[in-house]
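**Student:** sequence first, then the predicted structure, then my questions.
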Amino acid sequence: MDTRFLGIAELVEAPSVAVVVDVMRAFTVAAWAFAQGAEKIVLAESLDEALALKARHPDWVALKDGPPAPGFDTVNSPGLLRSTDLGGRTVVQKTTAGTVGALAVKEASLVLCAGFVVAEATARLLRARKSDSVTFVVTGEDGQAAEDLACAQYIAARATGAGTDAAEFLRRAAESRAAAELADGIRQGVHPDDVALCLELDRFPFAMAATLESSLMVLRPCTVPSLTDDAPDPSAGEGRPIPTGSR
Ligand SMILES: O=C(O)[C@H](CS(=O)(=O)O)OP(=O)(O)O
Ligand SMILES: [Mg+2]
């Protein structure tokens, strides 16, 4: 498997398979939203689009990063979201890095969004797809974010079947600038448990795939093959099969 690690600005053409990584905090939050029952997450292009979608669908849950803001229901915090019942709800998410990265590769045939909480499920899905080439989008800090790069490199290693020890990758993420800023209160809309929740390895059994649905980029959980064959893994719980379509 040929792997590339690129920042958002380095994406010059649509990759075939993209894994968009945002550990702190967009895709940890997305995974928690699904764990709390959300049906789907619409990745908004802008704050204005998120608010327009919310206005059109008052039952949707609008979420942004940074501090709480008028019109939005909640913020980009796994610690806050984990006590929110999202059963059957649609979430609209707009963040600085993660959602921007996913939208930057919306023409790819497969777009997975990931953090450590869904690392193994993501790697297993890539293994099952037997992809020749995978582009990892390192969303934070112009492709330099230590937590995103560490997670991307860990998933890449696991996707090639390497018996990789996660400890060193998690240590790099724990020592990242993002972790320090979240812990020190420099970033806003933060729960004290956010960093720890973002560093939980394989907390969830599902991967997350984004596809274009009526011009909106929509993220959903998906089941992954079991370790021994290509059959759906019953432990994966709710979720769609692996998306196979190409655009
Ligand atoms: O919510 C986050 O941690 C960041 C935004 S910021 O760096 O705090 O401004 O967003 P994300 O897109 O999840 O990296
Ligand atoms: Mg981030």
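**Tutor:** All right, it came through fine. Ligands and ions are numbered 1, 2, ... in the order given.
**Student:** please count neighbours and contacts with C-alpha atoms only from this point.
**Tutor:** Will do.
**Student:** quick one: the strands in the chain?
**Tutor:** For the chain, strands defined by DSSP state E occupy the ranges 2-6, 17-21, 40-43, 61-64, 74-75, 90-94, 110-114, 133-138, 207-213, 216-222.
**Student:** is the fourth one anywhere near ligand 2?
**Tutor:** No - looking at strand 61-64 against ligand 2 by CA under 5 Å from the ion, there are no contacts, and the closest approach is 12.6 Å.
**Student:** do any residues in that strand lie close to ligand 1?
**Tutor:** No - applying CA under 6 Å from any ligand atom, one finds strand 61-64 out of contact with ligand 1, separated by at least 7.7 Å.
**Student:** just use 42 as the starting number from now, easier for me
**Tutor:** Shifting the count to begin at 42 puts that one at strand 102-105.
**Student:** check what pLDDT the most centrally placed residue in the chain gets.
**Tutor:** For the chain, residue 68 is the residue whose C-alpha lies nearest the centre (CA atoms, centre = their mean; 2.9 Å). In the predicted model, residue 68 carries a pLDDT score of 98.
**Student:** cool, residue 278 as well?
**Tutor:** Looking at residue 278, its pLDDT is 40.
**Student:** related to what we said a few turns ago, can you redo the strands of the chain as CSV with mean pLDDT and mean neighbour count?
**Tutor:** Compiled in CSV, those are given as follows (pLDDT from 0 to 100; neighbours: other CA atoms under 10 Å):
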stretch, mean pLDDT, mean neighbour count
strand 43-47, 97, 16
strand 58-62, 98, 29
strand 81-84, 98, 23
strand 102-105, 98, 25
strand 115-116, 98, 22
strand 131-135, 98, 25
strand 151-155, 98, 28
strand 174-179, 98, 25
strand 248-254, 98, 23
strand 257-263, 98, 22
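**Student:** can I get these in CSV with distance to residue 222?
**Tutor:** Formatted as CSV, the strands of the chain follow (distance: least, CA to CA, whole Å):
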stretch, distance to residue 222
strand 43-47, 23
strand 58-62, 18
strand 81-84, 24
strand 102-105, 17
strand 115-116, 16
strand 131-135, 20
strand 151-155, 21
strand 174-179, 18
strand 248-254, 26
strand 257-263, 27
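**Student:** neighbours of residue 209, how many?
**Tutor:** Residue 209 has 12 neighbouring residues, counting by other CA atoms under 10 Å.
**Student:** er, residue 204 actually
**Tutor:** For residue 204, the neighbour count with other CA under 10 Å is 9.
**Student:** what's the spacing between it and residue 161?
**Tutor:** 12 Å (CA to CA, to the nearest Å).
**Student:** so what's residue 205 up against?
**Tutor:** Residue 205 makes contact with 195, 198, 199 under the criterion CA atoms under 8 Å, 6 or more residues apart in numbering.
**Student:** which one of the residues you listed sits closest to ligand 2?
**Tutor:** residue 195 (16.5 Å; CA to the ion).
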